[in-house]
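**Q** starting from these lines, generate the structure:
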Amino acid sequence: MHGWTGVDVGKVVRAGSVGLPSPREMEGATWRVFRGGQLVADLVVYGGDFPWLNARVFPKEGFEEMRPIFDEELRLLEDDENIEIWENAYDRVRAEVSLAAPDGHLVRQFILHIDGSEAWWTWSDEPFEDEESSDMES
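**A** The predicted model follows:
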């Protein structure tokens, strides 16, 4: 798992935005959050500000165990002092969950925030350049 350190987060936006529907076109769509193979939350889109989507969170069994991870990530995101600390917290989120688009495919990259019953995220189906090079080395 690569951290976000040194990664142009704007690349998530650029890579994820090619040919994707607008938030308005996504309204009502259900994205899914998995932990391992277990569905832990449905995210039902109600809007957004491209390239971000906003959704209501409908937790499933197992979600409450993960809520502290999202709470900590969000707390650190609001602290502008040290981006590396937030990146480490976000790496923990990414190590715990995967995100599935409405068509069922798992998106390759995403930044997902959950605050109570609200979620917002952006995503990309394209790997970052540093991941492409590490994939080739494997």
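**Q** how about low-confidence regions in the chain?
**A** 1-23, 80, 127-138 (pLDDT under 70).
**Q** tell me where it has helices.
**A** 10-17, 23-26, 63-77, 83-96, 129-137 (DSSP state H).
**Q** so what sits opposite residue 45 in the bridge?
**A** Beta-bridge pairing for residue 45 (DSSP bridges): residue 55.
**Q** how much space separates it from residue 36?
**A** 24 Å (C-beta to C-beta, to the nearest Å). From N, CA and C alone the C-beta is placed, and that goes for glycine too.
**Q** between the two, tell me which one has more neighbours.
**A** Between residue 45 and residue 36, counted using other C-beta atoms under 10 Å, the more crowded position is residue 45 (21 against 9).
**Q** wait, isn't the more buried one in contact with residue 53?
**A** Yes: contact status for residue 45 versus residue 53: in contact at 5.2 Å, counting by C-beta atoms under 8 Å.
**Q** what's the spacing between stretch 32-40 and its chain's center?
**A** 13 Å (C-alpha atoms, centre = their mean, to the nearest Å).
**Q** just the CA coordinates of it, formatted as PDB?
**A** Output in PDB follows, covering the C-alpha atoms of stretch 32-40 (Å, rounded to 0.1, in the frame of the first residue of the first chain):
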ATOM      1  CA  ARG A  32     -20.700   0.100  -1.200                       C
ATOM      2  CA  VAL A  33     -18.000   0.000   1.400                       C
ATOM      3  CA  PHE A  34     -16.400  -3.400   2.100                       C
ATOM      4  CA  ARG A  35     -14.100  -4.600   4.900                       C
ATOM      5  CA  GLY A  36     -12.600  -7.700   3.600                       C
ATOM      6  CA  GLY A  37     -15.400  -9.400   1.800                       C
ATOM      7  CA  GLN A  38     -18.100  -8.000   4.200                       C
ATOM      8  CA  LEU A  39     -20.400  -5.200   3.200                       C
ATOM      9  CA  VAL A  40     -20.200  -2.700   6.000                       C
END
